[in-house]
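Engineer: Return atomic coordinates for the entry below.
(one chain, ligands or ions: 1)
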Amino acid sequence: MAGNLDFSLFTLHFSLQKMLSIIVAIAENSAIGSENKLIYWLPNDLKRFKALTTGNTIIMGRRTFESLPKGALPNRRNIVLSRRGKAEDFPGADLYSTLDEALASCEGEVYIIGGASVYKQALPKADRLCLTYIYDTPAKADTFFPEIDESEWVETFREEHEVDEKHAYRYAFVDLERKTVDN
Ligand SMILES: NC(=O)c1ccc[n+]([C@@H]2O[C@H](COP(=O)([O-])OP(=O)(O)OC[C@H]3O[C@@H](n4cnc5c(N)ncnc54)[C@H](OP(=O)(O)O)[C@@H]3O)[C@@H](O)[C@H]2O)c1
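Structural biologist: I've put the predicted structure just below:
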């Protein structure tokens with residue numbers, strides 16, 4: 001009985017707390033997009049994105065929402081940021097006109113999924129960066145991830161992947177957590 005109560009209190013505590021992560025696929029020159037599209041197609045990156053974000057909340061800018069081929073992503077809360085858009089422009093998503101208002105409406109695990117303008121605003125607030133680092137410099141790119149100050153982050157996970165029949169580039173999954181007094 002006491003054990004169950006402890007577990008429930010732990011679950012309640014965790015679900016009320018907010019964990020803010022940024023998830024991004026980033027090239028060697030920090031490129032993340034070109035002509036409002038992703039640059040790389042890496043099935044394992046999409047799988048990891050789905051595994052991490054499903055059941056949680058994703059926050060994106062208006063242009064990233066518009067780039068989604070089938071609109072809002074299923075089985076997770078979608079939030080779109082836009083100062084000018086109307087709710088009916090973003091079916092399946094909740095609309096907010098500031099990042100702070102959007103974050104105030106969230107609890108549990110929240111993932112910032114792009115694009116560059118939202119990454120830039122969220123980077124100082126994020127607890128964790130979930131990077132897919134692609135070992136390539138694309139010939140064409142117009143959108144870049146902001147500079148990461150390595151002194152602020154500690155690497156907690158790294159998984160390297162070689163080129164294979166489904167992945168045209170070498171890539172690594174890398175998690176960085178914000179440095180605290182404990183780490
Ligand atoms: N590699 C990756 O992992 C990854 C992930 C996501 C996106 N991308 C790429 O990134 C590119 C898009 O990035 P982007 O910077 O051009 O566009 P974006 O960040 O997706 O969207 C920008 C728009 O979001 C709205 N917005 C941003 N901050 C806001 C705030 N604080 N409050 C209210 N509204 C806010 C504004 O919409 P209004 O103009 O409507 O007011 C703004 O014009 C695309 O190429 C996409 O493919 C790459």
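
Engineer: For residue 52, list the residues it contacts.
Structural biologist: With contacts defined as C-beta atoms under 8 Å, 6 or more residues apart in numbering, residue 52 is in contact with 21, 23, 111, 130. All C-beta atoms are positioned from the backbone trio N, CA, C, and that covers glycine.

Engineer: is any part of stretch 122-137 close to the ligand?
Structural biologist: No: Stretch 122-137 lies out of reach of the ligand by C-beta under 6 Å from any ligand atom, never closer than 7.3 Å.

Engineer: buried ones in that stretch?
Structural biologist: 122-123, 126, 128-134, 136 (16 or more other C-beta atoms under 10 Å).

Engineer: Tell me if residue 119 really is in a helix.
Structural biologist: Yes: looking at residue 119 with DSSP: H, G, I helix; E, B strand; the rest coil, it is inside a helix.

Engineer: Say whether the ligand is contacted by stretch 173-181.
Structural biologist: No: Stretch 173-181 is not in contact with the ligand by C-beta under 6 Å from any ligand atom; minimum separation 12.6 Å.

Engineer: what helix or strand is the residue positioned nearest the centre of the chain on?
Structural biologist: The chain has residue 23 as the residue nearest its centroid, 2.6 Å off, counting by C-alpha atoms, centre = their mean. In the assignment (DSSP states H and E), residue 23 maps to strand 18-27.
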